[in-house]
Structures are given as structure tokens and as C-alpha cells.
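> Fold the following and give me the result.
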Amino acid sequence: DGASLYAMSDQGGAENLWRIPLAGGAPQAVTGFTEGRVLFPSISLDGRTIVFEREFEIWKLDTATGATARVPIVLRGAPAGAGERRLVESTFRNLAISPDGKKLAVIAHGEVFAAPAKEGGPGQRLTDTPGSESDITWSMDSRRLAYVSERGRVSQVMEYDFATQQARALTAASDIDAAPRYSPDGRMLAYVHGRRELRVITLGADNRPAREVTVFTGALDRNEQSRLAWSPDSRWIAFAVTDRRSFRNVWVVPSTGGEARPISFLANGNGADQIAWSPDGRYIVFDSGQRSENSRLVRVDLTPNTPRYREDTFRDLFRTPPGAPDTRPETRDRVATPKAQDDDARPPAALPPVLAETATTPPLKVTPTRIVFEGLRERATFLPLRGSTDTPVISPDGKTLVYSSDQNLYSYDLDELTRETPAPEQLTGGRRRKSDYAFSPDSKQVYYLDGGRISVTPVETPRPRSIDVTAELVVRFEAERQVVFDQAWSILNRNFYDPAFHGRDWTALRDRFEPFAQGARTPDELRRVINLMIGELDASHMGVSRPTEGFGSTPAARVGDLGLRFDREAAETGRGLVVSEVINLGPASVEGSIRPGETITAIDGRRPGAGGNHHHQLTQRNRHRTVVSVAAPRGAGGG
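Here you go, the predicted structure:
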């Protein structure tokens, strides 16, 4: 009768339906629930009944009496479930290049795969678990691979050994472990435990954990996403710490334990998501910035820097007596060592040959890393790079820096003896995000993910090419729904800004919604359960959405817009889509032949639906030629 509006409100505490008189007067609650969600109310045409959803059941309300009752629904037949799917993935979430440059490892649908770095091909599957694997990193001998593996609502560091083709646990599944990184000498592995402890595992002669120490305890909450950085001599570890003012800076600590100290002192909002330690150990580069401003790359010299000049190169030629070893800086670091095995040698037959070859590149002679803490504040400088720059990576020879800016990769010359003024050079193009990039051992190429696809380009003469790797796997939604639910709950359990969870019992909410998640038949149903759980926190900008790739994903439907507004009354009274306005610079305005008062009679030859609903005809028509048929206004000639 147009006299009232009915709406859902939680102003009384729990969600209920309320009646709002349009003639005036206070709103009145018409249902009296003390808990649960009241969703999607819909009123009948005669106004006598409202149906709505509550706790995944259908309810009805008699508007005259206020009585509520469940609507009995009997499901017949077998529901359509997500079932089992076979995937062949060629886009990946993580990429890691082995130190010998011959192998690569990737993450596809939460599983670890490995393949030859040069020619790619079918990936060898290394893991098969319900949980998700992440943060892959190669051992220095290129024969083992460490990664983080989810185990329910905790995670642990695992290691896959290509010699035995077996995985083993390096840490216990007791909390959240993250960011594993092998030391350059291969004798240790560092990782973050429980978001507050930096731990170092000493590996024994059989590469098994022999000793573990905690070298730092503090605010390491965001090191799940950032990487630790070892000094070239394996004596120091650099990591990011968030202080009580929410500034994020780089600290260092001896790898055997001792005093941890900051080496940067910036009043930033974001920073140190990627730390790069120069191969000679003299300086560190990291990113730093504010939330709404460009990120910049910062260089911190760990000792007072003495510049090198080109004039010195001629004088150095006379410092080496005849017949003595060459000790000039540009040659002294590389020493000849016997190869571990010939290039043509092959591992035992049980091993995939390409994945089991050891590095044959001569190792670098490493000098001890020195840090002079006095005056460190004055030894921080911004690199002269334009735009927003982040995620620095330094080449093994120390001469080139690669960083990310505006979705692409750029190189910058770090060689102090270069004859030209350094200027950034763009290595990649396109609009897809570039990530997980790393140099080849000879510093001549950069491997990276381009929108999830593996690519490589020379640094001197950039010419990107794809490396086709495929990962084949069978996934079952029934085996993964609990994992997805645990992920969603655990991420908020660790990261929600309010420790009191807005007064909600977050653990109790998990227990309440978990049975519904376990009963979900499709990914869409599961996401809905999770979003309802998250909604109980009454916080904005939160939820889960359909993935852009992987299990259960389909491209989100996009509806094209003609750039027209229509007469609502004409549509509701059955007179069709009568144009009321042509939006300036919209598609119809640019085309120029549709005018107000005309009626849309067909889109691509099909008449609009009942009530003028034409959106389904424009679904996925973005950037496609669309033919619109119009009729002239009534009383006007033509059509």
C-alpha cells in the first residue's frame, strides 16, 4: 500500500526486520531474534508475507501478526557439487631460480613443481597435500628446496630432497613459520616463527637440523610477506622490524646470536618488503615509502664509503709484481676451484637428470662483512630513480640493480667505474604485474613472472621470451574447503587490527560457521559462509572474492555500458527502454546517432527482456562491437 518500508537493522543488537512508517513515527521491530543473520528479505505483492534467509534456512513473517516460522523445504535428488577437476596450469604464484641457474620451482594451486630453467616443459610435482605451500627457496647446492607448508591453522618449514625424492620437516607444526632462507655457505637456514621470533637452524653433515637458536624476538609481524637477507659471508641476517610508531626499518643480527641493531631510521609507513645485500657486503638496498606516496629505494653503506675513481684503474696495473696473483678489486673475488662434477656427468637414474645437476660455476671468495654502526644514520641515501620504485634485487656480480616500477622491471648500473652516467633502462613491457624476479648466476639474464607466466630476458639487450612450464594436477573441492576456511580465519586471527575483534569472540565465530563451511558444495557457497563469518566483525574493506585463476574460478562477468540513461516509468509500464539521456563522452555519445526520446528495440538483433532488462545482453561485451537498434519517438518519422 506504499505506507511503510521494511528493512533489516541491528540497532536493537541482533539483526531483525523493522517497519518504518512513511507518514511519520518511530521505526518498530517486527521480529525478535536475539542472534543470527536476517538476510535478503522479500515482500509478497499483497504485502502480507515477507520471506527471508536466517542461518542458511528460509523463514517467513506474517506482517499482520508478526509471527515468524521456518519454511519447510525438501531437497530431492543429489545436489550439484564442485566434485573433482583436472587442471593444467601455466600461470604460477611463486618462482624461484636455483643458484646454478639450471632449475626453477613454482607454486601452482598451492603445490610445488620443478622444471628445467632453460627449456621448461612439464613440471615435476614435489608436493601433494590438502594445505597450501608457499615461499619456495633453493639450497646453495641446488639439490634441495625449502618451502612453507600449511598444516591446519599453523604452518611449518619443509624441505624436499631431490636425491631421495622425499620431503621432511625442518620445523615443528606449532605456529606460523615463514620466510625460510638458506645461508650463502649452505650451513644454516633462517626463518620467522610465530611472527615474533627470528630463528636460525644449523644443518648437520647430512643436511638435517642439528641445532636451532632464536637470534631475535620482536615485531616481525609482516615478515610473512617480506624476505630475510643474509650477508655474503653468512655472519649477519638483515630483516624488517615494525616499531611502536608503526615505522618499518631494517635491522641486522649476528647469525649465531647477539645484539640486534637497526641500520635504517626512516619515518615511513611502508618499507623493507625486499632487502638486497650487495655481494661484496658493503651496503644494503631496500624499499621505503608512505601509504599514499611513491616508494623509493634506499642505500645504506655499512662502512664509510670510499669512492672508486676511473683513474685508479691505471694505477692498479702497477701494484701487482710480475708473476704474483692478480689482487685488483675487480678480479680478486673470483677464485678457481675444481668442478664438483663434469658438465656431462649425470646423477643416478632414479633422479630427473636436469633437476639433479649440481652447480659448476666457480664460487666467489667471500671477505668478512664489516658494519660500522657509528654514523649509520648519515650513510643512508635515496637512489636517483624516478617514479615509485620497489623490490630491489642485486646481480651476483654486484654491478646491476633490478627493481619494479609501474608493473615493469628496470635495470640500474651500480658499477662505480662506468664511463656513462647511470640511467634506468626498461627491461619489460606490458600491463601485467612482474614479480619474483632473480638473476641468472652469470648476471646476464633475469627470470621473472609476467602475470604469473614464467619469462626471461637478457639484461644488456632486453628481449623477453616465455618459458613454457605446465603443472598438471587433480583437485577436489571436498578436500580443500576446510583448508580455505582455515586460511580465511587464520589470516584475520593474525592480522586484524583490533586484538579484541570489535568485542566479538573470533574463536567462537569459527566454531559457529565451520559446520556450514564443511557442508558447502561449491566454492561460491564456501565464500558466502566465510563472508558471513567475517561480516560479524562489523569492519569495512573485508571479505573473500572469486579468484582470478585456479580451482573454482571463472572470469568475473563484466557488463558493458552503452552510456545511456532510460525513462524508469516507461520501463515499468511496459513501454520499453526509452532513452532519457545520452551521457557525454559515453559510447553512444561518441557514436553520435542515438538521441533522447528514442526507444531501444534490439541489442545485437535481440529484443530486451521483460521490464526492459537488457544487462544480460551486454554481459562480456566490453571492447566488442555492439549493434543497437532504435525506434524514433512516437509521432516522429523514421526509425
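
> measure stretch 267-281 end to end?
One end of stretch 267-281 to the other measures 25 Å (Cα to Cα, to the nearest Å).

> In CSV, could you pull the C-alpha coordinates for stretch 405-424?
This file holds the C-alpha atoms of stretch 405-424, laid out as CSV (Å, rounded to 0.1, in the frame of the first residue of the first chain):
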residue,chain,number,x,y,z
SER,A,405,58.2,0.4,-11.2
ASP,A,406,54.7,0.7,-12.6
GLN,A,407,54.2,-3.1,-13.2
ASN,A,408,57.5,-3.4,-15.1
LEU,A,409,61.2,-4.2,-14.4
TYR,A,410,64.1,-1.7,-14.8
SER,A,411,67.8,-2.1,-14.5
TYR,A,412,70.2,0.4,-13.0
ASP,A,413,74.0,0.4,-13.2
LEU,A,414,75.8,0.1,-9.9
ASP,A,415,79.3,-0.1,-11.3
GLU,A,416,81.2,2.9,-9.8
LEU,A,417,83.7,2.7,-12.7
THR,A,418,81.2,3.0,-15.5
ARG,A,419,82.0,5.7,-18.1
GLU,A,420,78.4,6.9,-18.5
THR,A,421,76.1,8.5,-16.1
PRO,A,422,73.8,5.7,-14.8
ALA,A,423,70.3,5.8,-16.1
PRO,A,424,67.5,3.3,-15.6
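
> which residues touch that stretch?
By Cβ atoms under 8 Å, 6 or more residues apart in numbering, the residues outside stretch 405-424 that reach it are 278, 307-308, 310, 313, 330, 383, 385-390, 394, 398-404, 425-434, 437, 446, 448, 459. In short, each C-beta sits where N, CA and C put it, glycine included.

> repeat that for 7 Å
By Cβ atoms under 7 Å, 6 or more residues apart in numbering, the list of residues contacting stretch 405-424 from outside reads 307-308, 310, 313, 383, 385, 387-389, 398-403, 425-429, 431-434, 437, 446, 448, 459.

> Repeat that for stretch 384-403.
Residues outside stretch 384-403 that contact it (Cβ under 7 Å, 6+ apart): 273-274, 276, 278-280, 285-287, 294-297, 404-406, 409-415, 424, 437-439, 441, 443, 446, 459.

> Let's see that with 8 Å instead.
273-274, 276-280, 285-287, 289, 294-297, 364, 383, 404-406, 409-415, 424, 427, 435, 437-439, 441-443, 446, 459.

> how far does that stretch stretch from start to finish?
End-to-end distance for stretch 384-403, by Cα to Cα: 13 Å.

> ditto for stretch 289-301
Termini of stretch 289-301 sit 19 Å apart (Cα to Cα).

> Which of the three states applies to residue 474?
Secondary structure for residue 474, judged by DSSP: H, G, I helix; E, B strand; the rest coil, is strand.

> how close does it get to residue 390?
37 Å (Cβ to Cβ, to the nearest Å).

> residues contacting residue 104?
95, 96, 97, 98, 114, 115, 116, 117, 447, 454, 467, 469.

> quick check, nearest of these to residue 135?
Within those, proximity to residue 135 (Cβ to Cβ) peaks at residue 96, which comes in at 9.0 Å.

> Residue 210 versus the closest one, what's the distance?
25 Å.

> neighbour-wise, which of those two wins?
residue 96 (21 against 12; other Cβ atoms under 10 Å).

> Is it correct that the more buried one is in contact with residue 137?
Yes - using Cβ atoms under 8 Å, residue 96 is in contact with residue 137, at 5.9 Å.

> re earlier: out of the contacts of residue 104, which are inside helices?
Residues of the contacts of residue 104 located in helices (DSSP state H): none.

> Mark which of those residues are part of strands, please.
Secondary structure from DSSP state E places 95, 96, 97, 114, 115, 116, 447, 454, 469 of the contacts of residue 104 in strands.

> Now do the helices for the protein: every range, in order, please.
310-316, 329-332, 353-356, 477-495, 506-518, 523-535, 568-572, 587-591.

> Out of those helices, which is closest to residue 44?
Residue 44 sits nearest to helix 568-572 of all the helices of the chain, at 18.6 Å, using Cβ to Cβ.

> Return, as residue ranges, the portions of the stretch 501-639 of the chain with sub-threshold pLDDT.
548-557, 610-613, 635-639 (pLDDT under 70).

> What's opposite the closest residue in space to residue 40 that isn't next to it in sequence in the beta bridge?
In this structure, residue 40 finds its nearest non-sequential neighbour in residue 53, 5.1 Å apart by Cβ to Cβ, 6 or more residues apart in numbering. Listed beta-bridge partners, residue 53: residue 39, residue 58 (assigned using DSSP bridges).

> Would you check how far apart residue 53 and residue 13 are?
Applying Cβ to Cβ to residue 53 and residue 13 gives a distance of 19 Å.

> So for those two, which sits in the more crowded spot?
Higher neighbour count among residue 53 and residue 13: residue 53, with 15 against 9, using other Cβ under 10 Å.

> wait, isn't the more buried one in contact with residue 42?
No - Residue 53 lies out of contact with residue 42 (Cβ under 8 Å); the separation is 9.7 Å.

> Straight-line length of stretch 519-526, end to end?
8 Å.

> Name the residues of it that are buried.
Using 16 or more other Cβ atoms under 10 Å as the test for burial, stretch 519-526 gives 520, 521, 522, 523, 525, 526.

> quick one, what contacts the first one?
Residues counted as contacts of residue 520 (Cβ under 8 Å, 6+ apart) are 481, 526, 529.

> Can you add distance to residue 494 and give the residues you listed back as TSV?
What follows is those, written out as TSV (distance: Cβ to Cβ, whole Å):
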residue	distance to residue 494
481	21
526	21
529	20
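
> related to what we said a few turns ago, looking at the helices of the chain, which is closest to residue 126?
helix 353-356 (9.6 Å).

> re earlier: among the contacts of residue 104, which ones are buried?
Once neighbours are counted (16+ other Cβ under 10 Å), the buried part of these comes down to 95, 96, 97, 98, 114, 115, 116, 117, 447, 454, 467, 469.

> wait, isn't the fourth one in contact with residue 142?
Put plainly, it is residue 98. Yes - counting by Cβ under 8 Å, residue 142 is a contact partner of residue 98 at 4.0 Å.

> residues contacting the closest residue in space to residue 590 that isn't next to it in sequence?
Closest residue to residue 590 apart from its sequence neighbours, by Cβ to Cβ, 6+ apart: residue 563 at 7.9 Å. Residues in contact with residue 563 (Cβ under 8 Å, 6+ apart) are 582, 583, 585, 586, 587, 588, 589, 590.

> Tell me where the model's unsure across this protein.
Ranges of the chain meeting pLDDT under 70: 77-81, 221-226, 307-316, 319-365, 548-557, 610-613, 635-639.

> what residue lies at the spatial centre of it?
Nearest to the geometric centre of the chain sits residue 93, at 7.5 Å (Cα atoms, centre = their mean).

> any idea how far residue 492 is from residue 12?
Relative to residue 12, and taking Cβ to Cβ, residue 492 is found at 27 Å.

> can you pull the contacts of residue 189?
146, 157, 170, 180, 181, 182, 183, 200, 201, 203.

> Distance of the third one relative to residue 152?
Distance of residue 170 to residue 152, given as Cβ to Cβ: 18 Å.

> Between the two, which has more neighbouring residues?
residue 170 (21 against 12).

> Identify the nearest residue to that one in space, disregarding sequence-adjacent positions?
Sequence neighbours aside, residue 157 is the residue nearest to residue 170 in space, at 4.5 Å (criterion: Cβ to Cβ, 6+ apart).

> give me the beta-bridge partners of that neighbour?
residue 148.

> Isn't it up against residue 168?
No - at 10.2 Å, residue 157 does not count as touching residue 168 under the criterion of Cβ under 8 Å.

> which of the two has more neighbours?
residue 157 (26 against 13).

> contacting residues for the more buried one?
Going by Cβ under 8 Å, 6+ apart, residue 157 touches 146, 147, 148, 149, 169, 170, 171, 177, 180, 189, 191.
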